[in-house]
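J.: mind folding the following:
(one chain, ligands or ions: 1)
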Amino acid sequence: MTSRIETAASSQPGTPAAAAPVGPKAATDRPYSPGLEGVIAAETAVGFVDGQNGRLLYRGYPIGQLVEKGTYGRVAELLWTGEWRRSAHLVPTAVPEPVMCALHELPDHTHPMDALRTAVSVWGAWRRPHWPPTVDQAREVTAMAPSALAAFHRLRNGLEPVQPNPKLSLAGGFLQQLTGKDPDPADARALDAYFIVAAEHGLNASTFTCRVIISTRSDLASAICGAIGALKGPLHGGAPAEVVSQLHEIGSPDHAEKWVREAIARGDKIMGFGHRVYRAYDPRAAALRKVAEGMSDMAGWLDTAVKVEDVVLRVFGELKPDRVIKTNVEYYAAAVLQGVGLPPDLFPPTFALARMAGWSAHAIEQASADKLIRPDARYVGPAEMDVPALGSR
Ligand code: ACO
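T.: Predicted structure coming up:
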(Lines give C-alpha, C1' and ligand atoms only; values in the text may rest on other atoms or scores of the structure.)
Protein backbone atom coordinates (compact mmCIF):
# COMPACT_ATOMS: atom_id res chain seq x y z
CA MET A 1 0.00 0.00 0.00
CA THR A 2 1.40 3.44 -0.97
CA SER A 3 1.46 6.28 1.49
CA ARG A 4 -0.72 9.40 0.98
CA ILE A 5 2.35 11.55 0.24
CA GLU A 6 3.57 9.24 -2.56
CA THR A 7 0.06 9.11 -4.04
CA ALA A 8 -0.26 12.88 -4.03
CA ALA A 9 3.09 13.42 -5.79
CA SER A 10 2.64 10.74 -8.43
CA SER A 11 -0.97 11.66 -9.17
CA GLN A 12 -0.01 14.98 -10.83
CA PRO A 13 -0.02 14.57 -14.59
CA GLY A 14 3.42 14.76 -16.18
CA THR A 15 5.25 14.73 -12.84
CA PRO A 16 7.67 11.83 -12.45
CA ALA A 17 6.95 9.63 -9.47
CA ALA A 18 8.90 10.87 -6.49
CA ALA A 19 11.72 8.58 -5.41
CA ALA A 20 10.94 6.68 -2.25
CA PRO A 21 12.39 8.65 0.69
CA VAL A 22 15.69 7.20 1.84
CA GLY A 23 15.43 6.78 5.60
CA PRO A 24 17.74 4.93 8.01
CA LYS A 25 17.86 1.20 7.42
CA ALA A 26 16.14 -0.92 10.04
CA ALA A 27 18.46 -1.69 12.95
CA THR A 28 18.33 -5.39 11.97
CA ASP A 29 20.05 -4.57 8.63
CA ARG A 30 22.93 -2.60 10.07
CA PRO A 31 26.11 -4.06 11.59
CA TYR A 32 26.16 -4.39 15.35
CA SER A 33 29.45 -3.82 17.16
CA PRO A 34 29.31 -5.10 20.76
CA GLY A 35 30.88 -2.53 23.06
CA LEU A 36 30.87 -0.12 20.04
CA GLU A 37 34.33 -1.53 19.22
CA GLY A 38 35.64 0.07 16.02
CA VAL A 39 32.68 2.49 15.76
CA ILE A 40 33.53 6.16 15.13
CA ALA A 41 31.08 8.20 17.21
CA ALA A 42 32.76 11.64 17.28
CA GLU A 43 35.33 13.81 15.57
CA THR A 44 37.90 15.29 17.91
CA ALA A 45 40.93 17.57 17.75
CA VAL A 46 41.69 17.11 21.46
CA GLY A 47 43.73 13.92 21.45
CA PHE A 48 44.84 11.15 19.11
CA VAL A 49 45.19 7.60 20.40
CA ASP A 50 47.16 5.73 17.76
CA GLY A 51 46.64 2.19 19.01
CA GLN A 52 48.49 0.44 16.18
CA ASN A 53 51.69 2.41 16.66
CA GLY A 54 51.52 3.00 20.41
CA ARG A 55 51.33 6.81 20.09
CA LEU A 56 49.32 9.30 22.11
CA LEU A 57 49.14 12.95 21.03
CA TYR A 58 47.40 15.83 22.83
CA ARG A 59 46.52 18.44 20.18
CA GLY A 60 49.36 16.99 18.09
CA TYR A 61 52.07 16.85 20.78
CA PRO A 62 53.46 13.43 21.88
CA ILE A 63 52.78 12.46 25.47
CA GLY A 64 56.45 11.72 26.27
CA GLN A 65 57.47 15.29 25.33
CA LEU A 66 54.58 16.80 27.27
CA VAL A 67 55.72 14.96 30.41
CA GLU A 68 59.32 16.17 29.88
CA LYS A 69 58.53 19.78 29.00
CA GLY A 70 55.14 20.51 30.52
CA THR A 71 53.20 20.94 33.72
CA TYR A 72 49.65 19.73 34.24
CA GLY A 73 48.41 23.34 34.26
CA ARG A 74 49.97 24.02 30.88
CA VAL A 75 48.72 20.72 29.46
CA ALA A 76 45.17 21.30 30.73
CA GLU A 77 45.18 24.72 29.07
CA LEU A 78 46.46 23.09 25.86
CA LEU A 79 43.60 20.59 25.94
CA TRP A 80 40.99 23.29 26.57
CA THR A 81 42.24 25.99 24.20
CA GLY A 82 44.75 24.36 21.84
CA GLU A 83 47.39 26.86 23.00
CA TRP A 84 50.78 26.00 24.52
CA ARG A 85 51.64 28.88 26.82
CA ARG A 86 54.41 29.35 29.39
CA SER A 87 52.12 31.49 31.54
CA ALA A 88 49.40 28.83 31.84
CA HIS A 89 48.98 27.90 35.51
CA LEU A 90 46.45 25.96 37.48
CA VAL A 91 46.62 26.24 41.25
CA PRO A 92 44.46 24.49 43.84
CA THR A 93 41.53 26.54 45.12
CA ALA A 94 39.70 26.33 48.45
CA VAL A 95 36.69 24.04 48.78
CA PRO A 96 33.51 26.17 48.55
CA GLU A 97 31.37 26.20 51.69
CA PRO A 98 28.39 24.18 50.29
CA VAL A 99 30.77 21.48 49.05
CA MET A 100 32.59 21.34 52.40
CA CYS A 101 29.24 21.03 54.24
CA ALA A 102 28.27 18.06 52.04
CA LEU A 103 31.66 16.39 52.63
CA HIS A 104 31.17 16.76 56.40
CA GLU A 105 27.86 14.87 56.10
CA LEU A 106 29.26 11.84 54.24
CA PRO A 107 29.74 8.66 56.27
CA ASP A 108 33.41 7.71 56.82
CA HIS A 109 32.92 4.50 54.83
CA THR A 110 31.98 6.45 51.66
CA HIS A 111 34.03 5.35 48.65
CA PRO A 112 36.30 8.31 47.77
CA MET A 113 35.07 8.11 44.18
CA ASP A 114 31.53 8.68 45.47
CA ALA A 115 32.80 11.55 47.63
CA LEU A 116 34.42 13.20 44.60
CA ARG A 117 31.26 12.72 42.51
CA THR A 118 29.22 14.27 45.33
CA ALA A 119 31.63 17.22 45.57
CA VAL A 120 31.29 17.92 41.83
CA SER A 121 27.52 17.52 42.05
CA VAL A 122 27.24 20.03 44.92
CA TRP A 123 29.60 22.39 43.08
CA GLY A 124 27.18 22.19 40.13
CA ALA A 125 24.13 22.77 42.34
CA TRP A 126 25.85 25.82 43.86
CA ARG A 127 27.45 27.35 40.73
CA ARG A 128 24.79 26.24 38.21
CA PRO A 129 27.22 26.15 35.24
CA HIS A 130 25.25 26.88 32.10
CA TRP A 131 25.35 25.08 28.75
CA PRO A 132 27.50 25.34 26.66
CA PRO A 133 30.46 24.54 28.95
CA THR A 134 33.29 27.09 28.98
CA VAL A 135 37.04 27.07 29.66
CA ASP A 136 36.38 29.12 32.83
CA GLN A 137 33.99 26.46 34.13
CA ALA A 138 36.56 23.76 33.27
CA ARG A 139 39.33 25.65 35.13
CA GLU A 140 37.14 26.18 38.17
CA VAL A 141 36.02 22.58 38.65
CA THR A 142 39.49 21.17 37.85
CA ALA A 143 41.13 23.47 40.43
CA MET A 144 38.53 22.75 43.14
CA ALA A 145 38.33 18.96 42.81
CA PRO A 146 41.75 17.99 44.34
CA SER A 147 41.02 20.18 47.38
CA ALA A 148 37.62 18.52 47.83
CA LEU A 149 39.04 15.00 47.59
CA ALA A 150 41.84 15.85 50.04
CA ALA A 151 39.32 17.40 52.45
CA PHE A 152 37.19 14.25 52.34
CA HIS A 153 40.24 12.07 53.02
CA ARG A 154 41.18 14.14 56.08
CA LEU A 155 37.61 14.19 57.39
CA ARG A 156 37.25 10.41 57.15
CA ASN A 157 40.47 10.12 59.18
CA GLY A 158 39.18 12.48 61.86
CA LEU A 159 41.38 15.40 60.71
CA GLU A 160 40.41 18.96 59.87
CA PRO A 161 40.80 19.94 56.19
CA VAL A 162 43.64 22.37 55.43
CA GLN A 163 43.68 25.40 53.14
CA PRO A 164 45.53 24.96 49.82
CA ASN A 165 48.91 26.63 49.34
CA PRO A 166 48.37 28.62 46.10
CA LYS A 167 52.12 28.60 45.39
CA LEU A 168 51.98 24.87 44.65
CA SER A 169 50.97 23.08 41.47
CA LEU A 170 47.62 21.30 41.41
CA ALA A 171 49.29 17.93 42.09
CA GLY A 172 51.57 19.40 44.78
CA GLY A 173 48.62 21.17 46.39
CA PHE A 174 46.68 17.92 46.44
CA LEU A 175 49.53 16.21 48.36
CA GLN A 176 49.84 19.21 50.70
CA GLN A 177 46.12 19.16 51.49
CA LEU A 178 46.20 15.40 52.11
CA THR A 179 49.11 15.53 54.56
CA GLY A 180 48.96 19.08 55.92
CA LYS A 181 52.62 19.62 54.91
CA ASP A 182 54.26 21.00 51.77
CA PRO A 183 55.26 17.96 49.70
CA ASP A 184 58.70 16.78 48.66
CA PRO A 185 59.21 18.57 45.28
CA ALA A 186 60.19 15.25 43.65
CA ASP A 187 56.88 13.70 44.73
CA ALA A 188 54.96 16.74 43.52
CA ARG A 189 56.73 16.52 40.15
CA ALA A 190 56.09 12.73 39.88
CA LEU A 191 52.37 13.21 40.60
CA ASP A 192 52.24 16.12 38.15
CA ALA A 193 53.69 13.77 35.50
CA TYR A 194 50.98 11.23 36.33
CA PHE A 195 48.32 13.98 36.00
CA ILE A 196 49.68 14.86 32.53
CA VAL A 197 49.69 11.23 31.39
CA ALA A 198 46.16 10.59 32.68
CA ALA A 199 44.66 13.88 31.45
CA GLU A 200 43.19 12.71 28.16
CA HIS A 201 42.64 9.53 26.19
CA GLY A 202 40.25 9.86 23.29
CA LEU A 203 36.76 8.41 23.38
CA ASN A 204 37.19 6.06 26.34
CA ALA A 205 34.11 5.00 28.33
CA SER A 206 34.09 7.94 30.77
CA THR A 207 34.79 10.58 28.09
CA PHE A 208 32.07 9.09 25.92
CA THR A 209 29.69 9.27 28.90
CA CYS A 210 30.65 12.92 29.38
CA ARG A 211 30.04 13.72 25.71
CA VAL A 212 26.67 11.93 25.69
CA ILE A 213 25.49 14.00 28.66
CA ILE A 214 26.74 17.29 27.17
CA SER A 215 25.11 16.37 23.84
CA THR A 216 21.71 16.68 25.55
CA ARG A 217 22.66 20.32 26.40
CA SER A 218 23.06 19.34 30.03
CA ASP A 219 25.74 21.09 32.13
CA LEU A 220 29.41 20.40 32.82
CA ALA A 221 28.88 19.29 36.44
CA SER A 222 26.34 16.65 35.36
CA ALA A 223 28.66 15.46 32.59
CA ILE A 224 31.63 15.14 34.96
CA CYS A 225 29.51 13.33 37.57
CA GLY A 226 28.51 10.80 34.89
CA ALA A 227 32.12 10.44 33.77
CA ILE A 228 33.25 9.79 37.36
CA GLY A 229 30.59 7.07 37.58
CA ALA A 230 31.94 5.41 34.44
CA LEU A 231 35.54 5.69 35.62
CA LYS A 232 34.65 3.99 38.92
CA GLY A 233 34.31 0.59 37.23
CA PRO A 234 37.27 -1.77 37.76
CA LEU A 235 37.75 -2.29 34.00
CA HIS A 236 38.38 1.45 33.51
CA GLY A 237 39.77 3.41 36.44
CA GLY A 238 39.88 0.81 39.16
CA ALA A 239 42.84 -1.12 37.77
CA PRO A 240 45.89 0.44 39.53
CA ALA A 241 44.64 -0.39 43.01
CA GLU A 242 44.15 -3.95 41.84
CA VAL A 243 47.67 -4.00 40.36
CA VAL A 244 48.99 -3.39 43.88
CA SER A 245 46.99 -6.26 45.42
CA GLN A 246 47.86 -8.50 42.46
CA LEU A 247 51.61 -7.96 42.96
CA HIS A 248 51.14 -8.45 46.69
CA GLU A 249 49.37 -11.76 46.02
CA ILE A 250 52.10 -12.92 43.59
CA GLY A 251 54.72 -12.02 46.22
CA SER A 252 57.91 -12.97 44.39
CA PRO A 253 58.60 -12.97 40.63
CA ASP A 254 59.34 -16.73 40.95
CA HIS A 255 55.64 -17.32 41.64
CA ALA A 256 54.48 -15.14 38.74
CA GLU A 257 54.34 -17.78 36.01
CA LYS A 258 52.15 -20.22 37.98
CA TRP A 259 49.91 -17.39 39.23
CA VAL A 260 49.40 -15.91 35.76
CA ARG A 261 48.67 -19.25 34.09
CA GLU A 262 46.12 -20.16 36.76
CA ALA A 263 44.46 -16.73 36.59
CA ILE A 264 44.11 -16.91 32.79
CA ALA A 265 42.82 -20.51 33.00
CA ARG A 266 40.13 -19.32 35.44
CA GLY A 267 39.19 -16.56 32.96
CA ASP A 268 40.36 -13.80 35.33
CA LYS A 269 41.65 -10.51 33.96
CA ILE A 270 45.26 -9.61 34.76
CA MET A 271 45.09 -5.99 35.87
CA GLY A 272 47.34 -3.50 34.12
CA PHE A 273 47.34 -5.45 30.85
CA GLY A 274 45.24 -5.26 27.71
CA HIS A 275 43.53 -2.32 26.09
CA ARG A 276 40.63 -1.75 23.75
CA VAL A 277 42.69 0.42 21.39
CA TYR A 278 46.42 -0.23 21.88
CA ARG A 279 47.90 -3.11 19.93
CA ALA A 280 51.36 -1.94 20.96
CA TYR A 281 52.96 -0.93 24.26
CA ASP A 282 50.89 1.83 25.87
CA PRO A 283 53.06 5.01 25.59
CA ARG A 284 51.65 6.20 28.91
CA ALA A 285 52.99 3.06 30.63
CA ALA A 286 56.43 3.80 29.13
CA ALA A 287 56.32 7.44 30.35
CA LEU A 288 55.23 6.45 33.86
CA ARG A 289 57.76 3.65 34.10
CA LYS A 290 60.46 6.30 33.52
CA VAL A 291 58.94 8.49 36.25
CA ALA A 292 58.74 5.52 38.66
CA GLU A 293 62.38 4.62 37.96
CA GLY A 294 63.32 8.06 39.27
CA MET A 295 61.57 7.45 42.60
CA SER A 296 64.14 5.99 45.00
CA ASP A 297 61.54 4.57 47.43
CA MET A 298 60.03 2.42 44.71
CA ALA A 299 63.18 0.51 43.64
CA GLY A 300 62.24 -2.84 45.29
CA TRP A 301 58.59 -2.78 44.23
CA LEU A 302 59.56 -1.75 40.72
CA ASP A 303 62.08 -4.55 40.38
CA THR A 304 59.32 -7.10 41.16
CA ALA A 305 56.85 -5.29 38.89
CA VAL A 306 59.25 -5.34 35.92
CA LYS A 307 60.02 -9.05 36.36
CA VAL A 308 56.35 -9.95 36.71
CA GLU A 309 55.55 -7.84 33.62
CA ASP A 310 58.07 -9.84 31.56
CA VAL A 311 56.44 -13.11 32.64
CA VAL A 312 52.89 -11.86 31.97
CA LEU A 313 53.78 -10.62 28.46
CA ARG A 314 55.51 -13.91 27.62
CA VAL A 315 52.56 -16.01 28.87
CA PHE A 316 50.02 -13.84 26.99
CA GLY A 317 52.12 -14.23 23.82
CA GLU A 318 51.96 -17.98 24.23
CA LEU A 319 48.32 -18.43 25.37
CA LYS A 320 46.62 -15.67 23.36
CA PRO A 321 48.72 -15.38 20.20
CA ASP A 322 45.85 -13.88 18.18
CA ARG A 323 45.26 -10.93 20.50
CA VAL A 324 48.07 -8.46 21.21
CA ILE A 325 47.88 -7.87 24.97
CA LYS A 326 50.48 -5.44 26.32
CA THR A 327 51.06 -3.48 29.50
CA ASN A 328 48.65 -0.58 29.97
CA VAL A 329 49.02 2.75 31.80
CA GLU A 330 47.59 1.43 35.04
CA TYR A 331 50.49 -0.94 35.69
CA TYR A 332 53.06 1.82 36.24
CA ALA A 333 50.48 4.31 37.50
CA ALA A 334 50.28 1.99 40.49
CA ALA A 335 54.01 2.52 41.13
CA VAL A 336 53.82 6.33 40.94
CA LEU A 337 50.66 6.67 43.03
CA GLN A 338 52.04 4.34 45.68
CA GLY A 339 55.42 6.09 45.55
CA VAL A 340 53.91 9.48 46.44
CA GLY A 341 52.18 7.86 49.41
CA LEU A 342 48.56 7.60 48.27
CA PRO A 343 46.45 4.81 49.78
CA PRO A 344 45.06 2.46 47.06
CA ASP A 345 41.46 3.61 47.45
CA LEU A 346 42.54 7.13 46.40
CA PHE A 347 44.01 5.83 43.10
CA PRO A 348 40.72 5.91 41.09
CA PRO A 349 39.62 9.39 42.25
CA THR A 350 43.15 10.72 41.65
CA PHE A 351 42.81 9.42 38.09
CA ALA A 352 39.52 11.34 37.92
CA LEU A 353 41.22 14.56 39.13
CA ALA A 354 43.70 14.28 36.26
CA ARG A 355 41.07 13.32 33.65
CA MET A 356 38.95 16.35 34.58
CA ALA A 357 40.97 18.32 31.97
CA GLY A 358 40.26 15.83 29.18
CA TRP A 359 36.60 15.40 30.08
CA SER A 360 35.98 19.12 30.07
CA ALA A 361 37.94 19.63 26.82
CA HIS A 362 35.71 17.02 25.18
CA ALA A 363 32.62 18.61 26.74
CA ILE A 364 33.51 21.99 25.19
CA GLU A 365 34.19 20.35 21.82
CA GLN A 366 30.97 18.29 21.92
CA ALA A 367 28.92 21.38 22.74
CA SER A 368 30.37 23.20 19.73
CA ALA A 369 29.27 20.26 17.51
CA ASP A 370 25.87 20.46 19.25
CA LYS A 371 24.57 17.11 18.03
CA LEU A 372 22.54 14.81 20.26
CA ILE A 373 24.22 11.40 20.63
CA ARG A 374 21.54 8.78 20.27
CA PRO A 375 22.49 5.40 18.77
CA ASP A 376 20.10 2.56 18.00
CA ALA A 377 19.74 -0.84 19.59
CA ARG A 378 18.93 -4.04 17.72
CA TYR A 379 15.75 -5.47 19.17
CA VAL A 380 16.11 -9.15 20.08
CA GLY A 381 13.01 -9.53 22.28
CA PRO A 382 9.74 -11.36 21.51
CA ALA A 383 7.66 -10.56 18.41
CA GLU A 384 4.57 -8.40 18.81
CA MET A 385 1.77 -10.18 20.68
CA ASP A 386 -1.43 -9.36 22.52
CA VAL A 387 -1.30 -8.56 26.21
CA PRO A 388 -2.82 -11.63 27.90
CA ALA A 389 -5.97 -11.21 29.98
CA LEU A 390 -5.12 -11.26 33.67
CA GLY A 391 -6.71 -13.82 35.97
CA SER A 392 -8.33 -12.86 39.22
CA ARG A 393 -4.99 -12.51 41.10
N1 ACO B 1 43.82 -10.46 31.32
C2 ACO B 1 43.44 -11.61 30.77
N3 ACO B 1 42.91 -11.71 29.53
C4 ACO B 1 42.78 -10.56 28.85
C5 ACO B 1 43.18 -9.31 29.36
C6 ACO B 1 43.71 -9.29 30.66
N7 ACO B 1 44.12 -8.15 31.23
N8 ACO B 1 42.91 -8.33 28.48
C9 ACO B 1 42.38 -8.95 27.41
N10 ACO B 1 42.30 -10.29 27.65
C11 ACO B 1 41.77 -11.30 26.75
C12 ACO B 1 40.31 -11.59 27.03
O13 ACO B 1 40.14 -12.61 28.00
C14 ACO B 1 39.80 -11.99 25.68
O15 ACO B 1 40.22 -13.32 25.41
P16 ACO B 1 39.29 -14.33 24.57
O17 ACO B 1 39.12 -13.65 23.22
O18 ACO B 1 40.07 -15.57 24.56
O19 ACO B 1 38.00 -14.39 25.34
C20 ACO B 1 40.60 -11.09 24.72
O21 ACO B 1 41.81 -10.81 25.41
C22 ACO B 1 39.89 -9.80 24.41
O23 ACO B 1 39.62 -9.14 25.64
P24 ACO B 1 38.40 -8.17 25.87
O25 ACO B 1 38.19 -8.01 27.34
O26 ACO B 1 37.24 -8.61 25.03
O27 ACO B 1 38.99 -6.86 25.25
P28 ACO B 1 38.42 -5.44 25.49
O29 ACO B 1 38.97 -4.59 24.42
O30 ACO B 1 36.95 -5.47 25.66
O31 ACO B 1 39.01 -5.11 26.93
C32 ACO B 1 40.13 -4.24 28.76
C33 ACO B 1 39.96 -4.17 27.23
C34 ACO B 1 38.77 -4.12 29.44
C35 ACO B 1 41.00 -3.08 29.21
C36 ACO B 1 40.78 -5.59 29.13
O37 ACO B 1 42.01 -5.72 28.48
C38 ACO B 1 40.93 -5.75 30.63
O39 ACO B 1 39.96 -6.14 31.30
N40 ACO B 1 42.15 -5.47 31.20
C41 ACO B 1 42.35 -5.56 32.64
C42 ACO B 1 41.79 -4.32 33.35
C43 ACO B 1 42.68 -3.09 33.14
O44 ACO B 1 43.89 -3.14 33.25
N45 ACO B 1 42.00 -1.98 32.86
C46 ACO B 1 42.65 -0.69 32.63
C47 ACO B 1 42.59 -0.33 31.18
S48 ACO B 1 43.38 1.18 30.85
C49 ACO B 1 42.25 2.38 31.28
O50 ACO B 1 41.05 2.18 31.30
C51 ACO B 1 42.78 3.66 31.70
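
J.: what residues does the stretch 101-250 of the chain put near the ligand?
T.: Applying Cβ under 6 Å from any ligand atom, one finds that the stretch 101-250 of the chain approaches the ligand through 235, 236, 239. In this view, the C-beta of every residue, glycine as well, is placed from N, C-alpha and C.

J.: just the closest of the residues you listed to residue 129, please.
T.: Nearest to residue 129 among these: residue 236, at 24.5 Å, using Cβ to Cβ.

J.: state the pLDDT value of the closest one.
T.: As predicted, residue 236 sits at a pLDDT of 84.

J.: and it, that one's in a helix?
T.: No - Residue 236 is assigned coil when assessed by DSSP: H, G, I helix; E, B strand; the rest coil, not a helix.

J.: that one: how many residues sit nearby?
T.: A count of neighbours around residue 236, defined by other Cβ atoms under 10 Å, yields 16.

J.: isn't it right next to residue 207, touching?
T.: No - applying Cβ atoms under 8 Å as the test, residue 236 and residue 207 come out as separate, 10.3 Å apart.

J.: buried stuff in stretch 62-81?
T.: Neighbour-count burial for stretch 62-81, counted by 16 or more other Cβ atoms under 10 Å, picks out 62-64, 66-67, 70-80.

J.: hmm, I was thinking of stretch 277-297
T.: Buried-residue list, stretch 277-297, by 16+ other Cβ under 10 Å: 277-278, 281-289, 291-292, 295.

J.: again, but for stretch 307-323
T.: Neighbour-count burial for stretch 307-323, counted by 16+ other Cβ under 10 Å, picks out 308, 309, 311, 312, 313, 315, 316.

J.: which residues sit against it?
T.: Stretch 307-323 is touched from outside by 247, 250, 253, 256-257, 260-261, 264, 270, 273, 325-327, 331, with contacts defined as Cβ atoms under 8 Å, 6 or more residues apart in numbering.

J.: what subset of these is buried?
T.: Buried members of those, counted by 16+ other Cβ under 10 Å: 247, 250, 253, 256, 260, 264, 270, 273, 325, 326, 327, 331.

J.: the last one belongs to a strand?
T.: When you say that, I think you mean residue 331. No - the assignment for residue 331 (three-state DSSP) gives helix, which keeps it out of a strand.

J.: for it, what are its contacts?
T.: By Cβ under 8 Å, 6+ apart, the neighbours of residue 331 are 240, 243, 271, 272, 273, 285, 305, 309.

J.: secondary structure element holding the closest residue to the third one other than its chain neighbours?
T.: What it means is residue 271. For residue 271, ignoring the flanking residues on the chain, the nearest one in space by Cβ to Cβ, 6 or more residues apart in numbering is residue 242 at 4.1 Å. Per DSSP states H and E, residue 242 falls inside helix 239-250.

J.: got the buried residues for that helix?
T.: Applying 16+ other Cβ under 10 Å to helix 239-250 flags 239, 240, 241, 242, 243, 244, 246, 247, 250 as buried.

J.: what's it in contact with?
T.: With Cβ under 8 Å, 6+ apart as the test, helix 239-250 has contacts from 234, 256, 259, 270-272, 301, 304-305, 308, 328, 330-331, 333-334, 337-338, 344-345, 347-348, 351.

J.: again, but for stretch 295-302
T.: Outside stretch 295-302, the residues that touch it by Cβ under 8 Å, 6+ apart are 186, 190, 247, 292, 293, 335, 336, 338, 339.

J.: now the stretch 1-150 of the chain against the ligand: closest residue?
T.: Closest to the ligand within the stretch 1-150 of the chain is residue 35: 5.7 Å, counting by Cβ to the nearest ligand atom.

J.: which residues touch the residue in the stretch 201-350 of the chain that the ligand sits nearest to?
T.: At 2.2 Å from the ligand, residue 274 is the closest residue in the stretch 201-350 of the chain, using Cβ to the nearest ligand atom. Going by Cβ under 8 Å, 6+ apart, residue 274 touches 325, 326, 328.

J.: which one of those residues is nearest to residue 136?
T.: Of all those, residue 136 sits closest to residue 328, with 33.4 Å by Cβ to Cβ.

J.: that closest one reaches residue 275, doesn't it?
T.: Yes - between residue 328 and residue 275 there is a contact at 4.9 Å, judged by Cβ under 8 Å.
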